[in-house]
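[1] Give the three-dimensional model of this entry:
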Amino acid sequence: MKRDHYLMGLLIGTTVPCLTFALVWLLNSLLVLPSGEPWLDNQRLMLLAMLPNVALIRYYLVTLKADKTGRVLVAITALAILAVFVVPNLMK
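    Residues are numbered from 1 along each chain as shown. Just a heads-up that it's a prediction; the model follows:
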């Protein structure tokens, strides 16, 4: 598959945050406060999982000049961050 492709951006934009979330969630479960609560709540964990996407956006748009992949990464990251803030407020 070519490097500059919409499907590549979709694949990278969804798998990297999922893997990052799993890693951060595992680390968070090891760091428990004295009260028994985890150190970070799920909303903050999801936001931390989006950080690698920000670095990938810059890499694909600036370094590789892969506009299609970069655009999809921007869209997925923006939608995911928006969902982190909107979905919990809808459930209240």
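
[2] any low-confidence regions in the chain?
    Across the chain, residues meeting the criterion (pLDDT under 70) sit at 1-2, 92.

[3] residues contacting the most centrally placed residue in it?
    In the chain, the C-alpha nearest the mean C-alpha coordinate belongs to Met50, at 2.5 Å (CA atoms, centre = their mean). Shown in contact with Met50 (CB atoms under 8 Å, 6 or more residues apart in numbering): Pro17, Thr77, Ala80, Ile81, Val84. The way it works is simple: take the backbone N, C-alpha and C, and place the C-beta from them, glycine included.

[4] do the same with Lys68
    Taking CB under 8 Å, 6+ apart as the criterion, Lys68 is in contact with Asp4, His5, Tyr6, Met8, Gly9.

[5] Please confirm that the first one is located within a strand.
    Read that as Asp4. No - Asp4: not assigned to a strand; according to DSSP: H, G, I helix; E, B strand; the rest coil it is coil.
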